[in-house]
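Visitor: can't give you the sequence, but here's the structure:
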């Protein structure tokens with residue numbers, strides 16, 4: 001289903017947007033194109049929490065970064081936010097409150113870029129660009145942050161109905177390079193998810209379905225960063241976690257619970273056991 005590309009009437013700034021964490025509930029690697037890009041079939045949901053952007057028009061594009069995860073975030077053209085502004089032909093001043101860890105398998109940079117695109121559309125009335133995947137494979141799905149099936153190299157996005165899933169996100173404070181994970185794949189021709197997907201209208205239905213799916217990047221990522229295996233083991237030991245899996249190319253993993261209260265208790269327990277880890281309770285939608 002193609003994403004809308006309509007223009008909107010401009011509004012006065014500043015515009016505030018949230019860039020939520022993108023979680024790959026399942027990620028199947030189904031092939032590889034001649035140009036080297038891998039083909040994916042992924043069920044994606046978005047967390048309640050994320051980075052926060054404040055965007056206004058300015059004489060030149062400038063990015064200011066603050067927040068608990070600001071360290072190491074580039075503020076030059078290497079940042080996807082400024083590349084999004086350039087793609088829209090806009091000059092903006094952006095204040096980024098960085099809440100999500102970087103290089104973490106939760107689409108932080110792509111979600112930031114998508115939030116910037118949404119903000120600039122509101123500020124200027126400019127239509128969204130064609131082929132937003134030029135900014136990153138996850139940008140198309142992040143433009144409308146709601147549950148979706150993502151296929152191709154990320155450009156084919158189909159919205160799906162998904163029950164809210166209470167969850168705990170855990171990152172061991174290890175950055176994992178996505179290209180290295182794909183390079184370490186043993187094979188790139190694994191089976192896709194069923195088509196069509198079954199109804200996922202209750203948490204129980206979703207958890208049972210997801211338990212039969214995979215993240216094909218998980219073994220390669222664990223080989224590069226064994227701390228991921230420790231996170232998955234810690235999540236699996238928690239009595240109220242129904243399913244533990246890595247998101248994206250890692251190192252962030254998620255544990256699905258039946259209720260928000262169970263996710264809260266699990267997050268408290270893991271934060272106490274592993275004070276050096278990033279732990280966040282949330283609901284995936």
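Guide: Nice, I can see it. The structure displayed is predicted, hence computed values, not measured ones.
Visitor: hey, let's count contacts and neighbours off CA atoms from now on
Guide: Noted.
Visitor: could you pull out the helices for the protein?
Guide: Ranges of helices in the chain, per DSSP state H, are 80-87, 108-124, 139-143, 178-183, 203-211, 218-224, 227-237, 260-273.
Visitor: could you list every helix and strand in contact with the first one?
Guide: Contacts of helix 80-87 with other secondary structure elements, assessed using 3 or more CA pairs under 8 Å, 6 or more residues apart in numbering; DSSP states H and E, are made with helix 108-124.
Visitor: between helix 80-87 and the helix it packs on, find me the angle.
Guide: Calculated by axes from the mean of the first three to the mean of the last three CA atoms, to 10 degrees, helix 108-124 forms an angle of 40 degrees with helix 80-87.
Visitor: enumerate the positions of helix 108-124 that are buried.
Guide: By neighbour count on 16 or more other CA atoms under 10 Å, the buried set for helix 108-124 is 108-124.
Visitor: for stretch 186-195, same thing?
Guide: Here stretch 186-195 shows 188, 192-193 as buried, counting by 16+ other CA under 10 Å.
Visitor: which of those residues sits closest to residue 71?
Guide: residue 188 (34.1 Å; CA to CA).
Visitor: that closest one against residue 33, yeah?
Guide: No. With contact defined as CA atoms under 8 Å, residue 188 does not reach residue 33; the gap is 10.1 Å.
Visitor: could you list the low-pLDDT ranges of the stretch 1-150 of the chain?
Guide: 1-8, 12 (pLDDT under 70).
Visitor: ranges for the strands of it?
Guide: In the stretch 1-150 of the chain, the strands defined using DSSP state E, counting those that start in this stretch lie at 15-32, 38-57, 62-66, 92-97, 148-152.
Visitor: and the third one, what does it pack onto?
Guide: Which is strand 62-66. If contacts are counted by 3+ CA pairs under 8 Å, 6+ apart, strand 62-66 sits against strand 92-97.
Visitor: so what touches the strand it packs on?
Guide: The contact list for strand 92-97 (CA atoms under 8 Å, 6 or more residues apart in numbering) reads 51-67, 70, 85.
Visitor: how many neighbours does residue 46 have?
Guide: Counted with other CA atoms under 10 Å, the neighbours of residue 46 add up to 29.
Visitor: that one against residue 143, yeah?
Guide: No. If you go by CA under 8 Å, residue 46 and residue 143 don't touch, sitting 11.4 Å apart.
Visitor: quick check: residue 213 vs residue 192, distance?
Guide: Using CA to CA, to the nearest Å, residue 213 is found at 9 Å from residue 192.
Visitor: residue 273 now?
Guide: Distance of residue 273 to residue 192, computed by CA to CA: 36 Å.
Visitor: how many neighbouring residues does the residue nearest to residue 59 when sequence neighbours are not counted have?
Guide: Take residue 59 and drop its neighbours on the chain: the residue closest to it by CA to CA, 6 or more residues apart in numbering is residue 91, 6.3 Å away. Residue 91 has 17 neighbouring residues, counting by other CA under 10 Å.
Visitor: list the residues that contact residue 91.
Guide: Contacts for residue 91 (CA under 8 Å, 6+ apart) come out as 57-61, 85.
Visitor: at 6 Å what do you get?
Guide: Counting by CA atoms under 6 Å, 6 or more residues apart in numbering, residue 91 touches 57-58, 60-61.
Visitor: show the buried residues in those.
Guide: 57, 61.
Visitor: and the contacts of residue 91 as a markdown table, adding distance to residue 202?
Guide: Below are the contacts of residue 91 laid out as a markdown table (distance: CA to CA, whole Å):
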| residue | distance to residue 202 |
| --- | --- |
| 57 | 43 |
| 58 | 46 |
| 60 | 48 |
| 61 | 44 |
